[in-house]
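**Q** A predicted structure for the sequence below; I have some questions about it.
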Amino acid sequence: RSTTYNRTTSQSKQLFYRIFSRGGVVLNLNDFNDLLESKRQEITDWMNLKRSEIPIPIYGSVDVRDAGWKIAVVDANHFPAGFNNVASEDEKHLAALLKNHIKRRDESCSWVHLYPESHTRNAAYVENLTTLQRLIERAGFRCTVGSPELAEHGSIDGLSGPLKLDVVELREINGEQNIVIDGFSPDLILLNNDLTEGIVPGLGTGRVSPPPVMGWHSRKKSHHYEALSEYVEEIAEMLGVESWNLITDWFVSKDKCLDRESCRIELAAEVDEFISKIKQKYTEIGIDREPVVFIKNDSGTYGLGILSVKSGKELLSLSNRKMNKLMYSKGGVDVENFLIQEGVPTRLKTNNDGPVEPVVYLVDGQAASWFYRVNEKKSDIENLNSPSSTFESYSEVGHLYGENAHSWHALVAELSMLAMGKEFSNYGN
């Protein structure tokens, strides 16, 4: 089997480089769909092996950019807040995966408590909670919702109506603060709060998933890409393609105090050097477009602390308002480290030429639901996560944008879940 694999890999690499080296002809991963399909069992076996080596996240979501010549995860969320956008047809499968994950961890679990953010005025987020509660109950568990912070609210309003909140109290049990509802502790706390502002009381127990250490108070975006790089290298070798086609280029600019001109000048020089490397790669493979890089708060979330530039000069010319945005995260936490990430354009467009990007929702490490972020007020290279974006489910528009949903998009999304599991393992060491 090993000999056959090596021969197949060698042949696919020869095809890869033959396509790549043609003047002006840029590789399109769609041309490798048959190769990906032929490797499906081998990939499945490899995925199962890798999942056995790490703690698989209970859930997660990723934003995918599909440029044809590169298909990559550009953002990975351990506390997904858009379950309200999944298609109703996917709920049965999502619930089954939740049940499998929870019961594998604790066969006796019968009560799951959903611990939310404190977004009392964000109706879409509340609808996400309503959907999650429905999925948990469909999986056969009792599901309560609430937090000590929301104790004053009997309910919060979602898009489809109010969500009833349970009264959550803190009680010291065996020297630790625990969450109790009606005097009892749940079997599992499902965390849907990204903990940007730090650990909240009551989560000291081990019965919390995802683990609180994966919150943005300690997690870094760069940690994810460090872990992801290893898995992408392995899968690229298996497929006989270049890992560059399945992951964004990136680096971390550390210890930057951007309120000082000297720090801005240093960051601008780093950006110029990075863009120069991307340009060289584009020239080598025939990509005729100007590179763009994203500068992100390495600890940030919710689309805050993100800017895009085409040069260091453009960075230096930014207004104080925009620079302040870069230095602002959701909880008002100071930021000093920045993830500098290659921008990947999307080839997916609406009839009005509006850009579209796939969002993949995963449970128990498996791609389980797809929807699409559409933003006709943005260009194909811009961050689409803004108030002008809309969401359409796979059942509605999969025939338009879902050609690679169950192949390349699912593959890079599931690699990202492996990376999340590896991140947690690394934090524990």
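**A** Great, that's in hand. Everything numeric here is computed off the predicted structure, so don't read it as measured data. Numbers count the residues shown, from 1 in each chain.

**Q** from here on, contacts and neighbour counts on C-alpha atoms
**A** Fine.

**Q** could you pull out the strands for the stretch 101-250 of the chain?
**A** 111-116, 142-145, 155-158, 161-164, 169-173, 176-180, 188-192, 208-209, 250-253 (DSSP state E, counting those that start in this stretch).

**Q** what pairs with the first one, and is each one parallel or antiparallel?
**A** Strand pairing for strand 111-116, determined by DSSP bridges: strand 142-145 (parallel), strand 188-192 (parallel).

**Q** With the fifth one instead?
**A** Based on DSSP bridges, the strands next to strand 169-173 in the sheet, each with its direction, are strand 176-180 (antiparallel).

**Q** on that earlier part again, most tightly packed of the strands paired with strand 111-116?
**A** strand 188-192 (a mean of 23; mean count of other Cα atoms under 10 Å).

**Q** List the contacts of that strand.
**A** 79-81, 109, 111-117, 207-212 (Cα atoms under 8 Å, 6 or more residues apart in numbering).

**Q** pLDDT below threshold where in the stretch 201-350 of the chain?
**A** Residues of the stretch 201-350 of the chain meeting the criterion pLDDT under 70: 206, 300-305, 324-335.

**Q** Swap in 90 and give it another go.
**A** Scanning the stretch 201-350 of the chain with the threshold set as pLDDT under 90 gives 201-206, 213, 215-220, 254-264, 296-307, 318-337.

**Q** Same list as before, the strands of the stretch 101-250 of the chain that is, but in JSON lines and with distance to residue 229 included.
**A** JSON lines is the format used below for the strands of the stretch 101-250 of the chain (distance: least, Cα to Cα, whole Å):
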{"stretch": "strand 111-116", "distance to residue 229": "31"}
{"stretch": "strand 142-145", "distance to residue 229": "36"}
{"stretch": "strand 155-158", "distance to residue 229": "38"}
{"stretch": "strand 161-164", "distance to residue 229": "40"}
{"stretch": "strand 169-173", "distance to residue 229": "41"}
{"stretch": "strand 176-180", "distance to residue 229": "37"}
{"stretch": "strand 188-192", "distance to residue 229": "26"}
{"stretch": "strand 208-209", "distance to residue 229": "25"}
{"stretch": "strand 250-253", "distance to residue 229": "10"}
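
**Q** Residue 411: which of those is closest?
**A** Of all those, strand 250-253 sits nearest to residue 411, with 20.1 Å by Cα to Cα.

**Q** For that closest one, which strands pair with it and how are they oriented?
**A** Strand 250-253 has its sheet partners listed here by DSSP bridges as strand 338-342 (antiparallel).

**Q** could you point out which element follows the strand it pairs with?
**A** Where DSSP states H and E defines the elements, the next helix or strand beyond strand 338-342 is strand 356-363.

**Q** and the next element down the chain from that following strand?
**A** Per DSSP H and E, strand 356-363 leads on to strand 366-374 as the next helix or strand towards the C-terminus.

**Q** and the helix or strand that comes right after that next one, which residues are buried?
**A** Tracing the chain past strand 366-374, the next element assigned as helix or strand by DSSP H and E is strand 390-393. Under the neighbour-count criterion of 16 or more other Cα atoms under 10 Å, strand 390-393 has 391-393 buried.

**Q** now do stretch 229-245
**A** For stretch 229-245, the neighbour count (16+ other Cα under 10 Å) marks 229, 231-233, 235-245 as buried.

**Q** Stretch 354-374 now?
**A** 355-374.

**Q** just stretch 34-42 next, same as before
**A** Of all the residues in stretch 34-42, those buried under the rule 16+ other Cα under 10 Å are 35-36.

**Q** so how far is the first residue of that stretch from its last?
**A** In stretch 34-42, first residue to last residue: 14 Å (Cα to Cα, to the nearest Å).

**Q** ok, so what distance separates residue 139 from residue 87?
**A** From residue 139 to residue 87 the distance is 17 Å (Cα to Cα).

**Q** Revised request: answer the last question for residue 351.
**A** With Cα to Cα as the criterion, residue 351 and residue 87 are 22 Å apart.

**Q** How about residue 209?
**A** 24 Å.

**Q** helix/strand/coil for the closest residue to residue 125 other than its chain neighbours?
**A** Excluding its sequence neighbours, the residue lying closest to residue 125 (Cα to Cα, 6 or more residues apart in numbering) is residue 81, at 6.2 Å. Here residue 81 takes the coil state, with states given by DSSP: H, G, I helix; E, B strand; the rest coil.

**Q** Wait, residue 81 touches residue 128, no?
**A** Yes: between residue 81 and residue 128 there is a contact at 5.9 Å, judged by Cα atoms under 8 Å.

**Q** Next up, the contacts around the residue lying closest to residue 408 once chain neighbours are set aside.
**A** Among residues not flanking residue 408 along the chain, residue 71 sits closest, at 7.1 Å (Cα to Cα, 6+ apart). The contact partners of residue 71, by Cα under 8 Å, 6+ apart, come to 29, 64-65, 245-247, 408-409, 412.

**Q** Thanks again, I'm all set now.
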